[in-house]
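Participant: I'll drop the sequence and a predicted model, then ask my questions.
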Amino acid sequence: MKAGCRRARQPAFPHVIPLYGGHIRSPAGPLMFLPYSVSAKIQREVNGLSFLNNLITGISLGSVYAIIALGYTMVYGIAKMLNFAHGDVIMVGAYMIFFATGSFGLNPIVGILLAVVVCTVLGVVIEGLAYKPLRQASSLAVLITAIGVSYFLQNAALLLWGADPKVFTSVIPEGSLPIEGVNITYVSLVTVLACIVIMLALTWFTSKTKMGKAMRACSEDKAAAQLMGINVNRTISMTFAIGSALAAIASALLFSSYKNLIPTSGSLPGIKAFTAAVFGGIGSIPGAMLGGILLGIIETFARVINTNISDAVVFAVLIIVLLVKPAGLLGKTIREKV
């Protein structure tokens, strides 16, 4: 080395540059770093915001499951049958909104109202044609019929609208509401509020109105309700109508977040919502809401850990809960009459 030429001293950490008493890594380094106390505080804040964002996402998803589960829990609580075609009614409602707002350019509110009308009529028709003749049949016969109706609706949608995925346009304006560093999307906000309003409205309806009291009577004992002058068939049809209307509302909220729409799009949300109803206590309106929200939160955090295991975690938690509390979180154990 020539005299007078000194080799520049290399820092011990070449990707770290000094910053006002601390250090911050340059883009070549993997992390930013400040004095430990500051960096630890920043990391805690970042983790806290990430947790809150995931929690809000989970509550939003769970609110959709809760709205769908309310349809399941009302039908089972009153008619004592599992309507596994409920998820496919959601799919039909989503297609109605898609074509109303996309092909015909109608206002999203009008599209939702159209979907509510179509799904309500569809639910009543399904009950009258497929389930009403099976009032006295075994549970197995009703279950097989429900699965058959589900496949029929899926294949009918495939023939009518094709297998190509449709991109659903959100019926809720895009954007978010920033609160203390947490961005709450308008879709999440509307979904949670809709879930709360629907649950409160159903609770009031079943406890205060004449039809609601008739539904409660039928859920306790159909034969005794009929002797008291209650039209059991009309009451059950009304239950299916309400559940199907809720499915239409749930379809608008669900596909505003998850845009891909195909003829089988309603199957998995329907199964998960049924899981939520069982989780919270099928037949209980507050239980359906609680089960749906908890299921959405569990699924969201499981997805953060590993996307591939989120569904497995959801059903594993359901199995554990049912082993400990077979009637669900808010369900009541009913003793059979002998």
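Facilitator: Good, I have the coordinates.
Participant: Which stretches in the stretch 51-200 of the chain count as strands?
Facilitator: Using DSSP state E, counting those that start in this stretch, the strands found in the stretch 51-200 of the chain span residues 166-167, 176-179, 182-185.
Participant: Please identify the deepest-packed of these.
Facilitator: Ranked by mean neighbour count, those are led by strand 182-185 with a mean of 17 (mean count of other Cβ atoms under 10 Å). No exception for glycine: its C-beta is placed from N, CA and C like everyone else's.
Participant: CA-only coordinates of that strand, as CSV, when you get a sec.
Facilitator: Written as CSV, here are the backbone C-alpha positions of strand 182-185 (Å, rounded to 0.1, in the frame of the first residue of the first chain):
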residue,chain,number,x,y,z
VAL,A,182,-56.7,1.3,12.6
ASN,A,183,-58.5,1.5,9.3
ILE,A,184,-62.1,0.2,9.5
THR,A,185,-63.5,-0.3,6.0
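Participant: Show the residue spans covered by the helices in the protein.
Facilitator: Assigned by DSSP state H, the helices in the chain fall at 36-79, 86-98, 108-126, 139-161, 186-208, 210-220, 222-227, 232-257, 267-280, 285-305, 310-324.
Participant: got CSV for those, with mean pLDDT too?
Facilitator: As requested, the helices of the chain are exported to CSV (pLDDT from 0 to 100):
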stretch, mean pLDDT
helix 36-79, 79
helix 86-98, 95
helix 108-126, 96
helix 139-161, 93
helix 186-208, 94
helix 210-220, 91
helix 222-227, 90
helix 232-257, 94
helix 267-280, 91
helix 285-305, 92
helix 310-324, 87
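Participant: Out of those helices, which one sits most buried?
Facilitator: helix 86-98 (a mean of 28).
Participant: now the angle between helix 232-257 and that helix, please.
Facilitator: 60 degrees (axes from the mean of the first three to the mean of the last three Cα atoms, to 10 degrees).
Participant: can I get the CA coordinates of helix 86-98 in CSV?
Facilitator: Output of helix 86-98 as CSV, limited to C-alpha atoms (Å, rounded to 0.1, in the frame of the first residue of the first chain):
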residue,chain,number,x,y,z
HIS,A,86,-79.6,-22.3,2.6
GLY,A,87,-76.1,-21.6,1.3
ASP,A,88,-77.3,-21.9,-2.2
VAL,A,89,-80.0,-19.4,-1.6
ILE,A,90,-77.2,-17.0,-0.7
MET,A,91,-75.6,-17.7,-4.1
VAL,A,92,-78.9,-17.0,-5.9
GLY,A,93,-79.2,-13.7,-4.0
ALA,A,94,-75.7,-12.7,-5.0
TYR,A,95,-76.4,-13.4,-8.7
MET,A,96,-79.6,-11.3,-8.5
ILE,A,97,-77.6,-8.4,-7.1
PHE,A,98,-74.9,-8.9,-9.7
